[in-house]
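*Asks:* Give me a model of this one.
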Amino acid sequence: MNETAGMKDADIINSIAEQLRIESGSNLPRDYFLAQARLQLSRKQAPHGTKDEKYHSSACFDAWAKPEHGRLSN
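*Replies:* Numbers count the residues shown, from 1 in each chain. Have a look, this model is predicted:
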């Protein structure tokens, strides 16, 4: 991969991550949104689904990182 393509890929990932951050309305670390952006892109590039596709979710991390999503209301 040449340097220009690498920068273009980084720009795309950063753009998706920023959009995810804005849509979430949360103040989670930037690395969280970068990881989510990479995950989204990897799913779109996969030639076929995997047998464990149902486990490709951020629900577990969200329950840990976003307590309001993982806890029951009193």
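*Asks:* for this structure, what spans make up the helices?
*Replies:* 3-24, 30-45, 59-65, 67-70 (DSSP state H).
*Asks:* got the buried residues for the second one?
*Replies:* Neighbour-count burial for helix 30-45, counted by 16 or more other CB atoms under 10 Å, picks out Tyr32, Phe33, Leu34, Ala35, Gln36, Ala37. Every residue, glycine included, has its C-beta placed from N, CA and C.
*Asks:* can you list the helices of the chain in TSV and add mean pLDDT?
*Replies:* Listed next are those as TSV, based on pLDDT from 0 to 100:
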stretch	mean pLDDT
helix 3-24	86
helix 30-45	88
helix 59-65	72
helix 67-70	59
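*Asks:* which among the buried residues of helix 30-45 gets closest to Ala59?
*Replies:* Gln36 (12.2 Å; CB to CB).
*Asks:* Against Ala65, how distant is Ser26?
*Replies:* Between Ser26 and Ala65 the computed distance is 8 Å (CB to CB, to the nearest Å).
*Asks:* And for Ala35?
*Replies:* Taking CB to CB, one finds Ala35 at 11 Å from Ala65.
*Asks:* Then Asn14?
*Replies:* 20 Å.
*Asks:* on that earlier part again, make JSON lines out of the buried residues of helix 30-45 and add distance to Glu18.
*Replies:* Formatted as JSON lines, the buried residues of helix 30-45 follow (distance: CB to CB, whole Å):
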{"residue": "Tyr32", "distance to Glu18": "12"}
{"residue": "Phe33", "distance to Glu18": "7"}
{"residue": "Leu34", "distance to Glu18": "10"}
{"residue": "Ala35", "distance to Glu18": "14"}
{"residue": "Gln36", "distance to Glu18": "11"}
{"residue": "Ala37", "distance to Glu18": "9"}
